[in-house]
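whatever this is, show me its structure:
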Amino acid sequence: MRKRLFGLLVVILIFTCLATAQQEDSLPPLKDGKVPCNLDELWGKYDPRKEPLEAGTVKEWKEGEITCRFVLYTVGTFKGKKARMLIYYAFPKSDRKLPAIMHLHGGGQSASLDEVIYAARNGYAGISLNWGGNKRLDNWKESDPNTDWGALDCTHPPQHNKNNHFIEITPDEYTLDPVESPRNSNWFLVNLAARRGITFLEQQPEVDPKRIGVHGHSMGGRLTTEIAGSDKRVKAAVASCGGSGCSPKVLLAIPGTGLPKRPPAMELTTIDTIAYIPGITCPILVLSPTCDFHGHMDNFFINFKSISSRNVGYSITPHMNHHHTPEFAVCDMLWFEANLKDVFAFPKTPALTVKLATADGIPMAAVKPDRPGEAKTVDIYYSIDPHTLTRFWRHAPARREGKSWVASLPVMTLTQPLYVYANVSYPLTRPVIMRRGDTAPADYSISSEEKFYLPEELTKANVKATDTSSPLIDDFSRGFQDWYQLNERNSTVWEAWTRKLKDPKWRGPEGAKLMMDVKSPESNTMVFTFICNQWNAFPGKPGGTYSVEKKLNGSPDWQTVSISLDELIPAKGKKGKDQDDKALTNWSSVTEFCIGGSGLVTRDGTDLKLGGQPWKGSREFRNLRWEGGLQVNGTLQGK
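Coordinates of the predicted model:
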């Protein structure tokens with residue numbers, strides 16, 4: 001105890017002295033007021049090894065055979081004041097040098113003890129930077145030192161500054177330069193801090209400095225991509241839900257993509273991730289869902305064509321936003337096992353080809369896995385929806401032909417683009433320890449690149465619009481193939497979501513009712529939720545969230561649940577504000593649909609909880625369908 005207290009006092013003393021000392025700045029002042037216009041000018045001759053780290057252990061403890069520490073190191077001196085970074089550092093007992101993984105947390109989050117223990121349990125040294133300066137830290141007390149950016153404010157959300165310099169680069173009292181400059185961007189400064197973190201790992205006696213990897217989620221995913229592109233000491237990287245770069249012009253030319261506009265020219269060449277992607281030479285894995293709001297899937301596949309690395313992998317969870325299912329999430333550690341330890345053979349990216357010109361006018365997709373004899377399943381997905389955030393990915397039944405799997409891709413229109421990608425699953429034969437609370441899956445899944453074709457390409461290839469709308473949405477014979485599930489093991493808050501009702505093939509007709517058969521041997525309650533016009537997918541149409549509760553009587557027989565528009569209740573809006581409480585008058589703007597156990601709505605200004613009782617017994621579903629509604633030539637017509 002005395003030794004620990006003495007060490008803490010020493011660290012606090014060092015920290016206090018460093019905070020008050022005036023040192024030469026780590027970055028030179030602007031020359032003649034000229035701001036950097038590219039990455040070479042931005043980074044200049046900066047050397048992350050040059051300045052002493054002055055690292056000190058704040059506290060140390062054991063978790064089994066794993067040594068865990070809080071450590072402070074110096075990021076640098078900016079405007080005459082020291083900036084110091086608090087990190088978790090953990091490593092397992094070992095008689096040889098360890099590979100190491102740096103973790104970068106997402107926006108509004110904190111350094112993660114779970115992440116460094118996850119690394120250590122798999123045989124790596126791990127650090128997790130508290131770059132956001134937040135206090136939600138395991139084993140941390142108010143009396144302990146924390147990240148202090150000194151004269152700057154790179155925290156997220158900002159702790160001192162009303163301005164958010166992850167978004168803007170205009171000068172204020174917390175920026176590095178007194179003029180609009182890319183060096184005022186927090187993306188650049190946190191990147192610099194992380195490069196100093198790599199220097200910390202290099203100096204640890206437990207670490208092999210030639211085997212350092214980096215990974216992160218969301219904002220941490222973007223930082224991962226940028227660090228991999230700016231520091232050659234990174235030997236493997238996994239970017240989760242971030243790092244796709246700005247929207248390519250070819251995509252912005254397509255109406256209705258929902259993609260953000262490109263930033264100004266100076267930011268394109270100095271701040272945006274697109275500037276860093278060509279500099280990536282290490283193996284990098286893109287870990288992303290199809291409908292992620294932060295790391296846009298379409299952007300990844302176009303922007304990564306400029307990458308220098310010859311080892312790029314993809315693992316794309318279908319239907320989700322900002323989450324991964326276990327068979328995709330496990331690829332994070334498998335990538336490091338393959339590229340930092342060389343104890344796993346990660347398959348090459350499956351080869352996807354699409355043939356537009358066919359005898360019957362129906363496009364055909366073919367997928368050839370790297371190791372077809374080991375492939376367990378091959379799933380081909382396609383969509384005709386340009387809106388990347390709310391797009392429904394249709395599952396195309398595939399059949400094997402030799403070493404490839406092929407599938408037809410019938411479309412309903414030639415006025416919309418065609419998007420295609422595929423997933424290949426392999427049995428997981430190598431033991432992998434997952435993050436605490438997660439169980440290793442039986443399989444892991446990797447993805448092909450995405451291909452897309454503009455309407456004029458479809459027309460030129462004589463593609464025919466052969467597909468038609470269908471009143472049957474899902475018979476559940478394939479389980480939840482077209483859905484994503486959350487909390488599926490929780491009997492109270494289980495949820496299953498789909499974007500299928502947005503696809504024109506299954507869009508709700510005018511005046512129709514939504515019907516579904518349910519088998520529930522015991523009495524239970526279900527909640528049905530509809531999200532409308534999410535991410536402004538239907539400009540000018542109604543938006544918001546609506547729910548309805550349905551009681552089920554216990555019975556061994558199938559019973560039919562019917563939902564009409566006039567039953568739907570507006571849900572509680574974000575930040576305590578109620579959404580527009582106008583009744584939903586048609587199904588045309590539904591972007592997501594959920595069947596689940598609970599929900600929250602607002603009626604007459606009062607919050608009302610729907611469902612929320614534990615589900616008793618088993619449950620089965622079949623024949624989710626539309627009944628009634630406007631028909632034209634015998635075909636249901638959604639608006």
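
OK, contacts around Ala396?
Ala365, Ile380, Tyr381, Tyr382, Ala407, Ser408, Leu409 (C-beta atoms under 8 Å, 6 or more residues apart in numbering). Every residue, glycine included, has its C-beta placed from N, CA and C.

I should have written Pro350 there, sorry.
Val367, Lys368, Pro369, Asp370, Val378, Ala422, Val424, Ile446, Ser447, Ser448.

if we use 6 Å, what do you get?
Counting by C-beta atoms under 6 Å, 6 or more residues apart in numbering, Pro350 touches Val367, Pro369, Ala422, Val424, Ser448.

with adjacent residues omitted, what lies nearest to it?
Ser448 (4.3 Å; C-beta to C-beta, 6 or more residues apart in numbering).

tell me the one of the contacts of Pro350 nearest Ala239?
Set against Ala239, the nearest of those by C-beta to C-beta is Ser448 (17.7 Å).

sorry, back to before: could you dump the contacts of Ala396 to JSON lines with distance to Thr269, pLDDT and secondary structure?
Converted to JSON lines, the contacts of Ala396 look like this (distance: C-beta to C-beta, whole Å; pLDDT from 0 to 100; DSSP: H, G, I helix; E, B strand; the rest coil):
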{"residue": "Ala365", "distance to Thr269": "36", "pLDDT": "98", "secondary structure": "strand"}
{"residue": "Ile380", "distance to Thr269": "37", "pLDDT": "98", "secondary structure": "strand"}
{"residue": "Tyr381", "distance to Thr269": "34", "pLDDT": "98", "secondary structure": "strand"}
{"residue": "Tyr382", "distance to Thr269": "35", "pLDDT": "98", "secondary structure": "strand"}
{"residue": "Ala407", "distance to Thr269": "41", "pLDDT": "98", "secondary structure": "strand"}
{"residue": "Ser408", "distance to Thr269": "43", "pLDDT": "98", "secondary structure": "strand"}
{"residue": "Leu409", "distance to Thr269": "38", "pLDDT": "98", "secondary structure": "coil"}
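
what's the farthest-apart pair in these?
Tyr381 and Ser408 (13.1 Å).

for this protein, which spans come out with low pLDDT?
1-23, 572-581, 603-605, 631-639 (pLDDT under 70).

can I see the domain layout of it?
Domain ranges of the chain: 2-240, 351-460, 472-636, per automatic domain parsing.

figure out which of those is closest to Pro255.
domain 351-460 (6.9 Å).

buried among the contacts of Pro350? Make that a ChimeraX selection.
Buried subset of the contacts of Pro350, written as a ChimeraX selection, criterion 16 or more other C-beta atoms under 10 Å:
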select :367,369,422,424,448
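
so how far is Ala351 from Val463?
22 Å (C-beta to C-beta, to the nearest Å).

who has more neighbours, those two?
The residue with more neighbours, out of Val463 and Ala351, is Val463; 22 against 15, by other C-beta atoms under 10 Å.

what residues are up against Ala351?
Counting by C-beta under 6 Å, 6+ apart, Ala351 has contacts Lys368.

for it, phi and psi?
Backbone torsions of Ala351, given as degrees, to the nearest 10, read phi -90, psi 120.

quickly list what it is bridged to.
Counting by DSSP bridges, Ala351 is bridged to Lys368.

how about the strands in the stretch 301-450 of the chain?
Remark: strands assigned in the stretch 301-450 of the chain by DSSP state E, counting those that start in this stretch are 312-317, 351-355, 364-368, 377-383, 394-396, 399-401, 404-408, 418-427, 443-447.

I'd like those strands written out as JSON lines, with distance to Lys235 added.
Formatted as JSON lines, the strands of the stretch 301-450 of the chain follow (distance: least, C-beta to C-beta, whole Å):
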{"stretch": "strand 312-317", "distance to Lys235": "14"}
{"stretch": "strand 351-355", "distance to Lys235": "26"}
{"stretch": "strand 364-368", "distance to Lys235": "29"}
{"stretch": "strand 377-383", "distance to Lys235": "31"}
{"stretch": "strand 394-396", "distance to Lys235": "36"}
{"stretch": "strand 399-401", "distance to Lys235": "36"}
{"stretch": "strand 404-408", "distance to Lys235": "33"}
{"stretch": "strand 418-427", "distance to Lys235": "24"}
{"stretch": "strand 443-447", "distance to Lys235": "20"}
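
of those, which is nearest Lys93?
Of all the strands of the stretch 301-450 of the chain, it is strand 443-447 that lies closest to Lys93, at 28.0 Å by C-beta to C-beta.

ok and that closest one relative to strand 351-355, angle-wise?
Between strand 443-447 and strand 351-355, the angle comes out at 50 degrees (axes from the mean of the first three to the mean of the last three C-alpha atoms, to 10 degrees).

what's the closest of the domains of the chain to Ala338?
Using C-beta to C-beta, the nearest of the domains of the chain to Ala338 is domain 2-240, at 8.1 Å.

which of the contacts of Ala396 sits closest to Ala83?
Set against Ala83, the nearest of the contacts of Ala396 by C-beta to C-beta is Tyr381 (45.0 Å).

can you get me a residue count around the closest residue to that closest one other than its chain neighbours?
Closest residue to Tyr381 apart from its sequence neighbours, by C-beta to C-beta, 6+ apart: Trp393 at 4.1 Å. For Trp393, the count of nearby residues is 24 (other C-beta under 10 Å).

OK, contacts around Trp393?
So Trp393 contacts Thr290, Pro318, Tyr381, Ser383 (C-beta under 6 Å, 6+ apart).

so how many other residues sit close to the last one?
Neighbour count for Ser383, taken as other C-beta under 10 Å: 23.

show me the contacts for it.
Taking C-beta under 6 Å, 6+ apart as the test, what Ser383 contacts is Arg391, Trp393, Tyr419.

again, 10 Å this time
290, 391-394, 409, 411, 416-421, 452, 499, 503 (C-beta atoms under 10 Å, 6 or more residues apart in numbering).

now do the spatially most central residue of the chain against Arg391, distance only.
Nearest residue to the geometric centre of the chain (C-alpha atoms, centre = their mean): Cys241, 2.5 Å. Using C-beta to C-beta, Cys241 is found at 16 Å from Arg391.

now swap in Pro350 and tell me
21 Å.

same deal with Thr269?
30 Å.

which one of these two is surrounded by more residues?
Neighbours were tallied for Thr269 and for Arg391 using other C-beta under 10 Å; the higher tally belongs to Arg391 (25 against 19).

wait, that one sits on Pro289?
No - the pair Arg391 and Pro289 fails to qualify as a contact (C-beta atoms under 10 Å) at a distance of 11.3 Å.

from the contacts of Pro350, pick the one nearest Ala90.
Distances from Ala90 to the contacts of Pro350, taken by C-beta to C-beta, are shortest for Val424, at 33.5 Å.

bridging residues for that closest one?
Val378, Ile446.

that one reaches Thr349, doesn't it?
Yes - if you go by C-beta under 10 Å, Val424 and Thr349 touch, sitting 9.3 Å apart.

what do the two both touch?
Pro369, Asp370, Ile446, Ser447, Ser448.

might one say that the third one is in contact with Pro369?
Yes - between Ile446 and Pro369 there is a contact at 8.8 Å, judged by C-beta under 10 Å.

list residues touching both of these two?
Contacts common to Ile446 and Pro369, judged by C-beta under 10 Å, 6+ apart, are Pro347, Lys348, Thr349, Pro350, Ala422, Val424, Ser425, Tyr426.
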